[in-house]
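[1] no FASTA, just this:
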């Protein structure tokens, strides 16, 4: 039953395939200026490896989308957008890009898996090197080797529970899914929900 899955998610852990989300890159000397112009939040004081949430608004103050912005460094930002808005968001960003900055929609080449729930830290610790586990909420570590798969590991998620999100190459998504599933086996009735990974 759905209520049973919900309860197990809140007491153990859930694994969710959220590869349908969109991922964009903004790079260049004016990357920060573009991010500052596109979003309502302030990104000036972010550290490398920090994530910040913000609406992306149009000229009338209406919301184009709500987005997670990952600061890789001062000249590279990863944007994670909602799946249904991916193409609309890409057109919006491209139309407003200025200066020395490039835009790339990398959505089709990225798989995203969310490990969420109170047991997620124990599960992640079994397969992620200690240095690859983000210590702060809304932070991430890039180029993490998860049993041979190169990942971004982010301490983020939409469930309201403690958890992580893993980004890897789309072709590595099924293998990462199996690794996470195997790592969670010992925790008993762990709830796992499967959507469709990109092919």
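    Perfect, I can see it now. What you see is a predicted model; the values in this text were computed from it and never measured.
[2] so what's the residue nearest to residue 104 when sequence neighbours are not counted bridging to?
    Setting aside the residues directly before and after it, residue 104 is nearest to residue 25 in space (CB to CB, 6 or more residues apart in numbering), at 4.6 Å. Backbone N, C-alpha and C define where each C-beta goes, glycine included. Going by DSSP bridges, residue 25 is paired in beta bridges with residue 78, residue 104.
[3] helix, strand, or coil at the residue lying closest to residue 149 once chain neighbours are set aside?
    Nearest residue to residue 149, sequence neighbours excluded (CB to CB, 6+ apart): residue 172, at 4.7 Å. Using DSSP: H, G, I helix; E, B strand; the rest coil, the structure places residue 172 in helix.
[4] isn't residue 172 right up against residue 147?
    No - assessed by CB atoms under 8 Å, residue 172 is found out of contact with residue 147, at 10.3 Å.
[5] now residue 63: how far from residue 82?
    11 Å (CB to CB, to the nearest Å).
[6] same drill for those two, tell me which one is more crowded.
    residue 82 (15 against 11; other CB atoms under 10 Å).
[7] go ahead and confirm the more buried one touches residue 20.
    No - taking contacts as CB under 8 Å, residue 82 lies outside contact range of residue 20: 9.1 Å.
[8] quick one, helices of the chain?
    Ranges of helices in the chain, per DSSP state H, are 2-11, 31-38, 86-96, 120-127, 173-183.
[9] for the top strand by length along the chain, give the mean pLDDT please.
    Longest strand in the chain by number of residues, with DSSP state E as the criterion: strand 63-73. In this model, strand 63-73 carries a mean pLDDT of 96.
[10] mind listing what's buried in it?
    64-65, 67-72 (16 or more other CB atoms under 10 Å).
[11] closest to residue 168 out of those residues?
    Proximity of the buried residues of strand 63-73 to residue 168 (CB to CB) peaks at residue 70, which lies at 14.5 Å.
[12] ok, what's across the strand from that closest one?
    residue 51, residue 78.
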